[in-house]
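Q: When you get a sec, could you give me coordinates for this:
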Amino acid sequence: MHTGPSLLALAFSLLAVTAASPALAQDAAPAAAADVSQSSQAAPKYQTIASADSPDKVLHVDVMLSGDGNLSYQVTRNGQVIVNPSPLGLILANAPKFDRYFALDKAETTSHDDTWEQPWGERRYVRNHYNELRVDVVQKTWDDRKMTVVFRIYDDGLGFRYEFPDQPQLHKLEIMDELTEFAIADPATAWWDVAGEWNREEYLYNKTPLNEVSEAQTPMTIRTDKGLYISFHEAALVDYAAYWLRRVDGQRLKTRLAPSAMGAPVVRDAPFPTPWRTMEITDSAAGLYNSSDLILNLNEPNKLGDVSWVKPYKYVGIWWGMHLNKWTWEAGPRHGATTKNTEDYIDFAAKNGFRGVLVEGWNKGWEDWFGKGWNFSFTESYPDFDLPAISAYGLKKGVHLVGHNETSGNVANYEPQMAAGFAQYEKYGVDSVKTGYVADAGGARVKAADGEIRYTWNDSQEMVRHYLLNVTTAAKYHIAIDTHEPIKDTGLRRTYPNWVSREGQRGMEYNAWGDPQNPPEHEANLVFTRMLSGPMDFTPGILSLQGQGKPIPSTQAKQLALYVVLYSPIQMAADLPENYAKYPKPFQFIKDVPVDWDQSIALNGEPGDFATIVRKDRHSDNWYLGSVTDENERSLDVPLTFLEPGRTYKAQIYRDGPNAGMTGDARFDIVIEEKTVTAGDTLTLRMAPGGGEAIRFVAQKKK
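A: Numbering: from 1, shown residues only. The predicted model follows:
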């Protein structure tokens with residue numbers, strides 16, 4: 001049938017209406033097309049081929065094709081476009097790219113709503129409520145190659161991924177990069193740290209206009225000029241390269257896959273799905289933290305079965321002394337990991353109710369370790385460290401050794417020893433291990449199929465494979481893993497609950513020797529960026545507020561608040577035992593605060609400025625509050641509506657004193673007091689520059 005000029009005019013009149021109304025666009029699909037400006041040039045004309053809403057119709061996604069068959073998507077929220085039409089697809093090394101010439105094969109929408117229980121976590125129960133849109137497309141020009149794009153749309157965010165069926169014309173995919181983009185509609189401010197540089201994820205956060213971002217790690221958070229908050233990340237990163245977020249022009253962001261030592265960043269045999277590309281989208285910064293279950297929900301359920309052997313705990317350790325240059329990791333006159341030193345730490349842990357003692361530097365190979373790691377043994381102890389005797393000594397007192405495997409990023413040396421090491425640790429009651437991969441970015445070593453050593457990035461596909469191999473191998477021996485210098489957290493703790501924590505940003509050690517140290521805004525940045533991905537082993541609690549010749553810009557009250565603000569199911573009391581003996585009253589909060597929670601709620605906050613979080617203990621009716629600020633003095637009114645109505649609580653308050661500050665003796669000005677409160681009360685938190693406040697709400701017996 002021939003379409004005359006009058007019908008074309010009618011079609012484009014319809015387009016103008018549907019572009020303004022996502023609901024109409026959905027009803028009119030697939031006939032409507034939108035001419036949308038992207039960056040400085042007009043984008044192609046798009047035809048909507050499939051659409052779906054979130055359960056309460058807050059978010060809406062359109063999947064579209066251009067006249068040349070380019071695939072793209074658009075996101076609206078409450079009728080307002082937040083992500084302009086953005087390309088989808090991939091570039092291949094062994095075949096033409098998944099780019100243009102797409103046609104719709106079929107599309108379907110389904111709904112899902114269930115609640116699942118975490119074995120440990122920020123909250124016990126997690127609701128997983130979304131609508132799923134599956135769009136099957138075909139490239140008829142290239143032998144009818146097929147691909148599926150899957151969107152899971154929640155009211156507070158979404159995830160999407162590519163799925164590739166096994167097809168004779170494309171069984172193996174060598175993926176050079178993704179064409180995935182995020183074209184942000186409204187001007188925005190970004191909080192981001194640089195990707196692709198030598199120090200992996202361990203960079204301070206930048207706050208810039210979005211159009212000044214270069215290449216960022218995820219999670220990256222933005223706030224639009226209309227007050228909308230968006231966090232970009234990924235979920236279920238398995239056997240694939242991590243992605244970095246590169247700004248192309250204007251506010252157009254494009255994924256870039258971490259480079260590989262083997263050729264193409266990703267090589268996979270079909271069928272397989274990619275990781276989810278995620279956006280959390282909320283009206284407030286606190287809302288971002290409260291919606292972070294999105295990352296967990298996009299992962300598969302627990303594959304390990306009974307994980308009652310995974311124990312949340314607090315620990316102390318032979319660690320901070322090395323960062324103060326009091327001890328050395330390698331054997332010698334100042335060796336830290338000795339039998340006597342470890343037994344002293346076990347005594348301290350037992351006396352104060354800590355389950356674990358971390359020991360770094362116990363094993364042979366530390367003499368020339370940085371970025372090398374060839375000499376590390378993961379079964380042989382230094383002569384002055386008696387593993388069987390120390391472990392037996394600790395277990396009699398209810399204290400477990402926390403193992404340590406520093407690899408220097410030398411996976412080629414570590415992997416052949418992992419099983420033997422874990423078997424030995426299980427024999428001696430070591431049920432968790434902290435791993436380390438200290439090597440410059442691009443300096444990790446892996447063994448190729450031909451037996452040759454290749455150098456690669458910590459977030460390359462081959463290293464992604466290694467980190468998961470480490471976790472699954474450890475699980476066979478009932479060992480939990482805390483990864484340092486890790487691949488970023490993408491929610492795999494749901495699938496493998498023995499992956500209890502990781503580093504993946506600048507932790508407390510930078511306050512001992514960093515140049516620069518972590519600034520006072522750092523922790524408030526972490527809450528709304530790094531912490532949206534999952535637990536962080538930040539190692540708080542330095543009550544001495546002293547690094548290696550460097551005073552730490554923090555108050556004691558802030559050090560206590562960090563135990564609530566920065567979540568991890570394992571928390572270290574990182575300071576030296578003699579310093580806790582010097583400050584027994586604030587130390588009491590560290591002894592009291594739990595690490596496993598029934599509920600967690602972000603009450604308020606802004607990236608880099610302040611954050612207040614409350615958590616309810618999973619094993620009692622008590623609540624805990626932590627609040628931190630940046631370099632600015634701050635006063636916050638906090639209604640206690642999270643407490644159980646009709647019940648009284650004894651609020652044990654640890655707050656900055658009237659003369660507190662982040663320099664000199666003012667850092668130690670702390671007031672410890674008690675008040676009786678109810679859910680109807682409001683507390684005013686007054687925090688000094690670099691300060692914070694910690695509160696334990698002890699539930700009183702009901703009358």
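
Q: And the strands in the stretch 401-550 of the chain?
A: 432-436, 444-447, 453-456, 480-483, 499-502 (DSSP state E, counting those that start in this stretch).

Q: ok, now the stretch 551-700 of the chain?
A: 570-572, 597-606, 610-617, 623-629, 634-639, 649-656, 670-677, 682-687, 692-699.

Q: average pLDDT across the shortest one?
A: Averaging pLDDT along strand 570-572 gives 98.

Q: Residue 372 touches residue 408, doesn't it?
A: Yes. If you go by CB atoms under 8 Å, residue 372 and residue 408 touch, sitting 5.4 Å apart. Bear in mind the C-beta positions are built from the backbone N, C-alpha and C, glycine included.

Q: Can you pick out the residue with more neighbours from these two?
A: residue 408 (26 against 16; other CB atoms under 10 Å).

Q: excluding its backbone neighbours, what's nearest the more buried one?
A: residue 373 (2.9 Å; CB to CB, 6 or more residues apart in numbering).

Q: How much space separates that neighbour from residue 437?
A: Relative to residue 437, residue 373 is positioned 9 Å away (CB to CB, to the nearest Å).

Q: rewinding a little: tell me which of the strands of the stretch 551-700 of the chain sits most buried.
A: Stretch with highest mean neighbour count among the strands of the stretch 551-700 of the chain: strand 623-629 (a mean of 28; mean count of other CB atoms under 10 Å).

Q: which secondary structure elements does that strand contact?
A: helix 522-527, helix 556-565, strand 610-617, strand 634-639, strand 682-687, strand 692-699 (3 or more CB pairs under 8 Å, 6 or more residues apart in numbering; DSSP states H and E).

Q: Enumerate every residue touching residue 55.
A: 111, 113, 129, 130, 131, 154, 155 (CB atoms under 8 Å, 6 or more residues apart in numbering).

Q: and if you look at residue 208?
A: Neighbours of residue 208 in contact, by CB under 8 Å, 6+ apart: 189, 190, 192.

Q: Narrow the residues you listed to those in strands?
A: Counted as lying in strands by DSSP state E, out of the contacts of residue 208, are 189, 190, 192.

Q: Buried only: go through those residues for me.
A: 190, 192 (16 or more other CB atoms under 10 Å).

Q: Alpha carbons of stretch 356-375, as PDB, please.
A: Extracted C-alpha coordinates of stretch 356-375, given in PDB (Å, rounded to 0.1, in the frame of the first residue of the first chain):
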ATOM      1  CA  GLY A 356      38.100 -12.800  65.500                       C
ATOM      2  CA  VAL A 357      41.800 -11.800  65.400                       C
ATOM      3  CA  LEU A 358      43.200 -11.000  62.000                       C
ATOM      4  CA  VAL A 359      46.900 -11.700  61.500                       C
ATOM      5  CA  GLU A 360      48.800 -10.200  58.600                       C
ATOM      6  CA  GLY A 361      52.300 -11.300  57.800                       C
ATOM      7  CA  TRP A 362      52.100 -14.800  59.200                       C
ATOM      8  CA  ASN A 363      53.200 -16.700  56.100                       C
ATOM      9  CA  LYS A 364      56.400 -16.900  54.200                       C
ATOM     10  CA  GLY A 365      57.100 -14.600  51.200                       C
ATOM     11  CA  TRP A 366      56.800 -11.000  52.500                       C
ATOM     12  CA  GLU A 367      60.500 -10.000  51.900                       C
ATOM     13  CA  ASP A 368      59.900  -8.800  48.400                       C
ATOM     14  CA  TRP A 369      56.200  -8.700  47.900                       C
ATOM     15  CA  PHE A 370      54.800  -5.500  46.500                       C
ATOM     16  CA  GLY A 371      53.400  -6.100  43.000                       C
ATOM     17  CA  LYS A 372      55.300  -9.400  42.800                       C
ATOM     18  CA  GLY A 373      54.100 -12.200  45.100                       C
ATOM     19  CA  TRP A 374      56.100 -15.000  43.500                       C
ATOM     20  CA  ASN A 375      57.500 -16.100  46.900                       C
END
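
Q: so how far is it from its chain's centroid?
A: Distance, stretch centre to chain centre, for stretch 356-375: 26 Å (CA atoms, centre = their mean, to the nearest Å).

Q: Tell me how confident the model is about that stretch, as a mean pLDDT.
A: 95.

Q: returning to that earlier point: in the contacts of residue 55, which residue is surrounded by the most others?
A: Most neighbours among the contacts of residue 55, by other CB under 10 Å: residue 154, with 26 neighbours.

Q: Nearest the geometric middle of the protein, what residue?
A: Centroid-nearest residue in the chain, with CA atoms, centre = their mean: residue 533, separated by 2.3 Å.

Q: Test my guess that that residue contacts residue 489.
A: Yes. Assessed by CB under 8 Å, residue 533 is found in contact with residue 489 at 4.2 Å.

Q: Common neighbours of these two, please.
A: Counting by CB under 8 Å, 6+ apart, the common neighbours of residue 533 and residue 489 are 295, 504.

Q: Number of residues surrounding the residue lying closest to residue 217 once chain neighbours are set aside?
A: Nearest residue to residue 217, sequence neighbours excluded (CB to CB, 6+ apart): residue 195, at 4.4 Å. By the criterion of other CB under 10 Å, residue 195 has 23 neighbours.

Q: cool, residue 592 as well?
A: Neighbour tally, residue 592, other CB under 10 Å: 17.

Q: Look up the closest residue to it, ignoring the ones flanking it.
A: Here the residue nearest residue 592, using CB to CB, 6+ apart, is residue 696, at 5.7 Å.
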